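[1] no sequence for this one, just the structure:
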């Protein structure tokens, strides 16, 4: 299968060769392809990474509350309290871990981490509800994770409020304002709509920036650079030839991601596919440029990797907006986020793919990426030239 | 006590269908300088790696310093030194640190390491460079140093895999002087090389072609047998038969 | 004198001579611990809202005031034009649109159904959900106030009400940083430890020095230990730097003891370094080792419970997290730092880590072949 595919690609390259007379350039590219195809492990990971990411993000990472273990400290013996416990137990959100009368168990269980939420039903719950029309309950959460704590409190409150309504079905609440909410673009609130563009940015950066940087630096480390540079071909071409295979790999990766997200995760592609690919190609070029720039400035694979990690990967995770909302950050960080290419790409993909807008609404972001590409390539070539001189 | 340092009987190494070393047999006497010649890809390095315990033979027997290569490869390692064509010192350590590290691994006492290091540096005229990183030394010096490190623990046999690749004739000459010094104190030398002039320095040479040993004798006798003026001619005569290319 | 001593001496010298490694030890913790918690703030605030008010009544005015007075919303537009509001969603200027229909106030007083329309940009589902929930809460709170002011007393008081009070333990101010910092510390030593160890042996392979080591009578276990111990020491240093930053910058002092944390970290590091060495001995070159490390680390980190809670994962994923060392350490870190759990509370996790460490490192020693 792979062989057929490789053959196809080399035929294509052959044609390109006839079209222009960059025969040497072609040979260098072919050489790079041989390197990549020979290293099966690396190739396997490069092509498998997006799939694994999509699957993990798509199925494993949710912030939904489901089957959360709850401990109920029930000091009331009334039928009402029993009904409430039953209602909580039967909900899909909670799973009754234990029911006791002793509140001190909460701290123990929280400390062990087995339970994250507790409900206390006091002994006078039912009598008070009947006599004073007012029953009191207490929710205690393990707020080490504030978001989970908030979500748990909300879910539990909703169940209790439902229960309250069931207690007096005939009551009408007067002067009621109702909010009719419509979730646009993503009515089922799927996480996939947000992370698919993010995964695209991450994978492209990884393949293009890190792999390109490492490939070029490796030649330096092994001392092959001098040999290559003394060949009659233009050194810039040699370096560019190293980037070309990764461009192709990235396009395959984008296709994989899009296919998986469309068919497996049901994420729609509302905008133009051509525009989406064009924007991705632009972002790939930006990442390649960044990778070449890193490789121009480092001498060992180790440094290249750590720089890629610090300069590219961490900021991308932090500032692209796909894991952490940018608008919450303090101003300096919000300013920093503007120099992260992935941020702009993330906005573009979200807009084009999910909102289905055209170039007229993303031209600004596109222009920024374009400028970044020019900048990285100019800097990289300049740096290489200085070193070669 | 056995007078042979190395005894090899019908030794083979096969990678899939490819017979890298094909049924070779020979003996190397103690204190001998034994040249192991062959074209690229003839199987020299593979054969050598089996003797050093770096590679498992497919079949045949061999013993090095009286130890069996199959079962006693760790005992062999205590009694041999090795220097490969791929440069084997740590570039990011200094000359002195490299010596100390390798000597330490062989379990030499600290005081002895110190004394011997100073003696060695003096001998190699590397006293000024002792605390320089190895990466800063010229290639020829690195190779001389690597050889000295390989025999620092006074092994019975030292294996040298193309030790003089890529250096100038003068440095090669100096390197061979070191080899003679080592042989003089009774170390058996097992050396592979491309350079036919170096073959002349050996007591005996074997010539490998396509995984087999085609000739084994002293350089003088070989020249006689093949009616050649130099080892170069002997080698070309034999190597022309080779079917393998690298 | 054991050969191990010489191996250790050599490894330490090599590490400290490598500027890249020093950067990793000192710059990474600072960047990560200072920047990440600031950036990693999930708390949803500053939600941009566009209001279309077609009613222009006293009630609609008050409602809008309530919304803007909350900390959560920022009013970006307030007019009559639905299309303009839609466009502000399309170009990301607004996250949600609240439409107050005509006669909203009149309907409310007449006790008819009075509806508000809310449209949310739901690409980011979590944010959309919380945004809608906050807004609904504000509307309901306003609704309750309105009802009390308007109602004739005594008319509807027969209805029983359940009052819910809630308290949030261990982190009553719901401070997100207190939650994130311990997790990030785990991330930090994992990244440093695994990266350093995974490219180490393979680097010797690439340089050719491994062959020289292999012809020496060195013991396999010594060789592996010689690689492990230096990185283990570095890991302990990095985590100490991390604790220091957590204390100086965030004022975080563990409720439990540092001793418990160090005990766990010590064993955890053995696991992480063992995994790194394993990758290293199976890789052919540094590039491959880095990529594999990166791949494994990404999965471990994403599924480690730092970003999303493990409880809400599907069952297969929860099973997988049991093999994920990061998830154990993040859990333990939070338990000890925030809840003051003691060593017997974390005993199960500790035991698993010990078994894990033994297993991985035995494997690493076995996978290192001196002879091919």
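    Perfect, thanks for sending it. Since this is a predicted model, take the numbers as computed values, not measurements. Numbers count the residues shown, from 1 in each chain, chains lettered A, B, ... in the order given.

[2] closest residue of the stretch 151-300 of chain C to chain B?
    Closest approach between the stretch 151-300 of chain C and chain B, counting by Cβ to the nearest Cβ: residue C:208, at 3.3 Å. Every C-beta, even on glycine, is put in place using the N, C-alpha and C of the backbone.

[3] any idea how far that residue is from residue A:215?
    20 Å (Cβ to Cβ, to the nearest Å).

[4] walk me through the domains of chain A.
    With domains defined by automatic domain parsing, chain A comprises A:2-60+A:191-388, A:68-167.

[5] picking that back up, who's more crowded, residue C:208 and residue A:215?
    With other Cβ atoms under 10 Å in any protein chain shown as the criterion, residue C:208 and residue A:215 differ in neighbour count, and residue A:215 comes out ahead with 22 against 14.

[6] what's the closest residue to that one other than its chain neighbours in contact with, if anything?
    Using Cβ to Cβ, 6 or more residues apart in numbering or on different chains and skipping residues adjacent in sequence, the residue nearest residue A:215 is residue A:242, 5.1 Å away. Residue A:242 makes contact with A:28, A:32, A:212, A:215-216, A:219 under the criterion Cβ atoms under 8 Å, 6 or more residues apart in numbering or on different chains.

[7] quick check, nearest of those to chain B?
    Distances from chain B to the contacts of residue A:242, taken by Cβ to the nearest Cβ, are shortest for residue A:219, at 17.3 Å.

[8] count the neighbours of that closest one for me.
    Neighbours of residue A:219 (other Cβ under 10 Å): 18.

[9] quick one: what helix or strand has it in it?
    helix A:211-221 (DSSP states H and E).

[10] do the same with residue A:95
    Applying DSSP H and E as the criterion places residue A:95 in strand A:94-100.

[11] and the pLDDT for whatever residue of chain B ends up closest to chain A?
    Proximity of chain B to chain A (Cβ to the nearest Cβ) peaks at residue B:92, 10.1 Å away. Note on residue B:92: pLDDT of 85.

[12] picking up where we left off before, which SS state does the residue nearest to residue A:215 fall under?
    Secondary structure for residue A:242, judged by DSSP: H, G, I helix; E, B strand; the rest coil, is helix.

[13] and the longest helix anywhere in chain C, average pLDDT?
    Secondary structure of chain C read by DSSP state H shows that its longest helix is helix C:220-250. Computed over helix C:220-250, the mean pLDDT rounds to 89.

[14] likewise for stretch A:139-146?
    81.

[15] measure it end to end?
    Start-to-end span of stretch A:139-146 (Cα to Cα, to the nearest Å) is 14 Å.

[16] ok, that stretch near chain C or not?
    Yes - legend: contact between stretch A:139-146 and chain C by Cβ under 8 Å from any Cβ of the partner chain is shown at A:139-146.

[17] can you give me the offset of that stretch from its chain's centre?
    Offset of stretch A:139-146 from its chain centre (Cα atoms, centre = their mean, to the nearest Å): 26 Å.

[18] residue A:77 and residue A:71: what is the separation?
    Separation of residue A:77 from residue A:71 (Cβ to Cβ): 18 Å.

[19] quick one, which of the two is more surrounded?
    Under the criterion of other Cβ under 10 Å, the comparison of residue A:77 against residue A:71 puts residue A:71 first, with 24 against 11.

[20] can I assume residue C:262 sits in a helix?
    Yes - when three-state DSSP is applied, residue C:262 is found to be in a helix.

[21] can you map out the strands along chain C?
    Remark: strands assigned in chain C by DSSP state E are C:47-53, C:73-79, C:96-100, C:114-121, C:161-169.

[22] of these, which is nearest chain B?
    Judged by Cβ to the nearest Cβ, the one of these that comes nearest to chain B is strand C:161-169, at 51.8 Å.

[23] now do the same for the spatially most central residue of chain B: helix, strand or coil?
    Central residue of chain B (Cα atoms, centre = their mean): residue B:160, 1.8 Å from the mean position. When classified by three-state DSSP, residue B:160 comes out as strand.

[24] what's the answer for the one 10 residues further on, then?
    Assigned with three-state DSSP, residue B:170 falls in the helix class.

[25] number of residues surrounding it?
    Per other Cβ under 10 Å, the neighbour tally for residue B:170 reads 9.

[26] what's the answer for residue A:122, then?
    Residue A:122, neighbours per other Cβ under 10 Å, totals 17.

[27] can you pull the contacts of it?
    Shown in contact with residue A:122 (Cβ under 8 Å, 6+ apart): A:75-76, A:136-138.

[28] swap in 10 Å and give it another go.
    Contacts for residue A:122 (Cβ atoms under 10 Å, 6 or more residues apart in numbering or on different chains) come out as A:73-76, A:81, A:103, A:128, A:135-138.

[29] residue C:270 and chain A, how far apart?
    Relative to chain A, residue C:270 is positioned 23 Å away (criterion: Cβ to the nearest Cβ, to the nearest Å).

[30] residues near the residue nearest to that residue when sequence neighbours are not counted, how many?
    Counting by Cβ to Cβ, 6+ apart, residue C:270 lies nearest to residue C:357, which is 4.0 Å off, once chain neighbours are set aside. Number of residues near residue C:357 (other Cβ under 10 Å) recorded here: 20.

[31] for residue C:357, report the pLDDT, please.
    At residue C:357, the model reports a pLDDT of 94.
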